[in-house]
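A.B. asks: A predicted structure for the sequence below; I have some questions about it.
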Amino acid sequence: MRSIFFFSLIILLLNSCQKVINIDLNSTAAEYVIVGKITDQPGMCQVSITRSKDFSDDNQFPGISGATVTIENNGVVTSLPETDTGVYGTGSLTGQPGQTYKLTVHLGAATFTASSTMPQPVGPDSIYVSPGRLTTKKYVTVIYRDPPGISNYYHFIQYVNGKKEPSIFVSDDEFTDGQTVKPQLVFNNDTNDPTRDIKSGDSVRIDMICNDAAVYKYWYSLNDGATGTGQSASPANPVTNISGGALGYFSAQTVRTKGIKVN
Amino acid sequence: MSTRTMTNVFWTLAAMLLTLHAAAQDLSQIKLTLRLKHNSLKEAMQMIEQTTPFKFIARAEDVDAVQDLNLEATGQPLDKVLSQLLKGSNIQFRQMGTNIILKKEPPKKPVSSVIIPATYHPQQKYTISGTVRVQKTGETIIGATIRVSSAGADLFTGTVSNEYGFYSLTLPVGGYHLQVSYLGMATVSRDIGLDSNVVWNIPMEEAAKDLQEVTVRAAGQGRGRSLRSPQMGMERMTMTEIKDIPVIFGEKDVLKTIQLLPGIKSAGDGNSGFYVRGGAADQNLILLDEANVYNPSHLLGFFSTFNSDAIKNIVVYKGGMPAQYGGRLSSVVDVKMNEGNNRDFGASGGIGLISSRLNVEGPIQKDRSSFLISGRRTYVDMFLRLSNDSNVNKSTLYFYDLNGKVNYTLSRKDRLYLSGYLGRDVLGQDNLSNINWGNTTATARWNHIFNSRLFSNTSLIYSNYDFKITNKEAGNEFNIISQIKDWNLKEDFQWYAGSLHTVNIGVNAIHHTIRPGEITASKDAGINSMTFQRRYSLENAVYLTDTWKMTNKLTLTYGLRLSAFSILGKGDYYNIDTAGRILDTLHYGPGQVVKTYFNLEPRLAAAWQLDEATSIKASYVRNTQNLHLVSNSITSSPTDRWVANTNIIRPEISDQVSLGYYKDLAKGRWELTVETYYKTMQHQIDYRDGADIYTNQPIETQLLFGKGRAYGIEWQLKKRVGRLTGWLSYTLSKTERKIDGINNSEWYNARQDRTHDIAIVGVYQLNKKWTLSADWVFYTGDAVTFPSGKYTVDGTIYFLYTKRNAYRMPSYHRLDLGATCQLKQRRRFSSELNFSLYNAYGRQNAYQISFRQSKTDLNKTEAVRTSLFSFVPSISYNFKF
């Protein structure tokens, strides 16, 4: 958030000029992208498999069929059948906080594995909308109580009128352990898309997700190095918890939701 | 009239002369008409100086003794005229360039057949020493060139005044002609018959601009550098040289100007960081009156912390650093502040587009002590007030600099200097939240001249950089403080050990305290009060170097610096595995030594002077660095963290060899410099992928280590004198890194790897009123990491990266124009208007390139270039009285 603050300051000061340009980027071998989630909510255990594309290709990422996907917990192996092209899921598996889940994906000759431990749930006490710093734009503030004495990792997902905000909001409790924390979810609307900005009358929803440390690292490093903003001196692929050479993550996570209508 | 004032009269006269082709002329070729009736020799000399290109150098008492001259000369050669004038006296004349030296012949001693008097022994040597100063203000002059020629003409030697203006020359008994020159100053010369130690404090006066051509020809040599000295990779710039070069927003900026020199590369638009010979931005040792300046930039890097009004000169070492400097790998930037006028009160200042400056100086006790106070403040926030956005117009954004200096002449042999700097950036919103940061330095120095050959300086230096984040919103009050603080004691001796050796010996001890972060919060602030462990260390060094004039052509500098960096408790240190996981924690008590790193740093250099105008030099230097700034962003941030060595972070070490060729062309009006270097760097530091910079976790868990190498060749053709001055420089270079865990541990281009780098700088004195200037730069774009692919996670597109720094930013080029108009001068008051146009042809240079889903076609991704400055005009008004 600090860098967004500085960055917007630079933009503000200098009336900098932006232009879409052509850059000749190399093509690269496609890599599997596995995104797996098991939550403490019923019906939300799903693994999707896609593939990366070249930069100049279109933005359609068709699912990869034919994988064998299982999740194991305490010796109990649950199979996730393919429910849609490249989407594997089951309604029968609801995660329990404190439990460790192990994902295995067999795809052709390749095997990918990951494990994740579901933390105890923390939900928002309330949310409100107010103007941000150095701007008249409005942002959501989430108020929650961080449980003292343990490490917590949070991921907030914002929906405005049902549309998901692409910015990544993550935080840990290194400096806020045991506090009532009030982060404002500030983002830079770099695409100038008016539907991303919060206006009166909008309905806003926040999904507050608790991750384990490895998944937090994934989101943190994805946000830091792979969103394409150009601020990082050394962009890089995020640190994944999946072994076997795939992109993406596998997370056993809790979800709590809060919504309001903006005055 | 004393000798000195007489000489001064002559200098004033000399300054009024305007000659263009004097050097080629001979006394016998200048014909003149002169009529004298009971005139004195002094009057005759003044008449000759007015009608010929020559000026006289003589002792006042010799000249005053000759009165009542009569002469009728019509169209006679000057040498004949002089012979006639001096016929009756025992004064001899001799031409030296455009000078005519008048010297009284000593009365002939009776030849005492065989016995040579004990006082006259051919090997007997004496010392000429003193301080070089600006006559008008008493400011000492650093780096004035003192050239010595003897009657025998085969001896050409010389020296350069040190950082306190002091010089010392030891020579055999004999007659010498000394010539003292410095850019922008009229050359001073004097004949000295050396038969005892001589103290000559040299007064210099500013040369009229159009006279520079003449004075340099009189010198017959370039004056900006010494061909004889083994020092290479060095650039010295004075404010006079920097003054007219156009800069952004019209803010004269020494750090911006040095980036136009070969081998010194700008970190890009809106960044005062720079890279020297392939090194990183934190590998430059930046000193202000010897105090380390940890963050030399303001406003996130748009300006440097050096207020040009307070600066006397700047020296940059790209290689071959003298042994008294240590602690950084790539370069030393030594900035010296003015001392303040000890003769007269004066003020100067300026009003610019974004800042105003005021400088006041004057004597405390005339000729003995002086003070200087210089301030600068920007008013960017005034522009924010104009915004109709209430959130913007209530915000604060400014920086200020305050420089102060006092100096006392305690005795003829002792001088005390106290100087300080305070600078702060403030960025805040509506008094609710605020971040401010800045440097504070204070330096106390005591010069002592033990004798004409031994000069010492003792310095006690304080240096501090900190940032504070304050939040005062009700119910959410907290502040965060981070700081790096040094106490530094230095003792340096310069021993002019004889005519062949100059020895420099010194010791240095610095105590560092690093407070990585301390949070103080109110009870319900949503953030916990906590203190990151403070880090303590002691950085000691001893050094010794000798510059040895082996032969008339070969000069050698050899020396050694021994550095010892001790990490001190109290604190916890760690053992970690290759994945960055902590294996165990080691606790240390207060003052306990965790580890000491010793490093021997040899410094070797040699210069071989091929002829009067040509030399070649070679050097080898090892440098170590014990404090490291790790940054992962393309913009410098005030919150970037300095980290000291630990048991895991080892000192960075660089070894550099370089070879150079130097030639003065067209009688010293042009200087050609070609230098080539090869440098290796050990224990380089980089962040792990996904590193968290703002964490209380041991920093080592976030870092990776490796090595670097850099090599290149730098050309520079410089014109220092005449109506048109400036330079042309070109650098061809390569710099690479190899870090375990990055890019499959293979060599890759460092971000600052730029193959080509060109700068052209020109300043043209159109007439007395107008000075025009321009500079043009071109460089290969930085080596950067662009994505090669893309993928989707939870419905958002992210980018796939393959190799580190495998792509290039587009080439950068830019033209800046400037013009200075000297306004009407009144008795003491002078003023000028300065116009500049930054990026005159509006090149859209890429500040950054980002990648995103297309705004217009959601099915595509696109690259977006952000450019900062195109056509930035500015105007500023400067005054002086």
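C.D. replies: That came in fine, so what should we check first?
A.B. asks: Every contact and neighbour count from this point should use C-alpha atoms.
C.D. replies: OK.
A.B. asks: Stretch B:284-304: end-to-end distance?
C.D. replies: Stretch B:284-304 has an end-to-end distance of 14 Å (C-alpha to C-alpha, to the nearest Å).
A.B. asks: swap in stretch B:372-385?
C.D. replies: The straight-line separation of the ends of stretch B:372-385 (C-alpha to C-alpha) is 33 Å.
A.B. asks: So for it, what gets flagged as buried?
C.D. replies: B:372, B:373, B:374, B:375, B:376, B:377, B:378, B:379, B:380, B:381, B:384, B:385 (16 or more other C-alpha atoms under 10 Å in any protein chain shown).
A.B. asks: Just the element for the fourth one, please.
C.D. replies: When secondary structure is defined using DSSP states H and E, the element that contains residue B:375 is strand B:369-378.
A.B. asks: ok, the closest residue to residue B:757 other than its chain neighbours - contacts?
C.D. replies: Among residues not flanking residue B:757 along the chain, residue B:779 sits closest, at 4.3 Å (C-alpha to C-alpha, 6 or more residues apart in numbering or on different chains). Contact analysis of residue B:779 by C-alpha atoms under 8 Å, 6 or more residues apart in numbering or on different chains lists B:754, B:755, B:756, B:757, B:758, B:811, B:812, B:813.
A.B. asks: related to what we said a few turns ago, which other helices and strands contact the strand holding residue B:375?
C.D. replies: Judged by 3 or more C-alpha pairs under 8 Å, 6 or more residues apart in numbering or on different chains; DSSP states H and E, the packing partners of strand B:369-378 are strand B:355-365, strand B:395-411.
A.B. asks: Tell me which of these lies nearest to chain A.
C.D. replies: Evaluated over the helices and strands packed on strand B:369-378, closeness to chain A peaks at strand B:395-411, with 7.0 Å, by C-alpha to the nearest C-alpha.
A.B. asks: other SSEs contacting whichever helix or strand comes after that closest one?
C.D. replies: As assigned by DSSP H and E, the chain's next helix or strand after strand B:395-411 is strand B:414-429. Packed against strand B:414-429 by the contact rule (3+ C-alpha pairs under 8 Å, 6+ apart) you find strand B:395-411, strand B:433-451.
A.B. asks: For the stretch 151-300 of chain B, which segments count as strands?
C.D. replies: B:156-160, B:166-172, B:174-181, B:188-194, B:198-199, B:202-204, B:234-238, B:264-266, B:274-276, B:284-288, B:291-292, B:297-298 (DSSP state E, counting those that start in this stretch).
A.B. asks: quick one, which of these is nearest to chain A?
C.D. replies: Closest among these, using C-alpha to the nearest C-alpha: strand B:297-298, at 13.0 Å.
A.B. asks: Walk me through which strands the closest one pairs with, and which way each runs.
C.D. replies: Here strand B:297-298 has these sheet partners by DSSP bridges: strand B:303-304 (antiparallel).
A.B. asks: can you list contacts of the partner strand?
C.D. replies: So strand B:303-304 is in contact with B:253, B:254, B:255, B:256, B:270, B:271, B:272, B:296, B:297, B:298, going by C-alpha under 8 Å, 6+ apart.
A.B. asks: quick one on the thing from earlier: chain A: which of the contacts of residue B:779 is nearest?
C.D. replies: Nearest member of those to chain A, counting by C-alpha to the nearest C-alpha, is residue B:811, at 13.1 Å.
A.B. asks: any idea how far that closest one is from residue B:280?
C.D. replies: Using C-alpha to C-alpha, residue B:811 is found at 20 Å from residue B:280.
A.B. asks: More neighbours: the two, which one.
C.D. replies: Taking other C-alpha atoms under 10 Å in any protein chain shown, residue B:811 and residue B:280 do not tie; residue B:280 has more neighbours (20 against 15).
A.B. asks: Between the two ends of stretch B:301-312, what distance do you get?
C.D. replies: Using C-alpha to C-alpha, the gap from the first to the last residue of stretch B:301-312 comes to 22 Å.
A.B. asks: Could you chop chain B up by domain?
C.D. replies: Annotated domains of chain B cover B:3-104, B:125-219, B:334-880 [automatic domain parsing].
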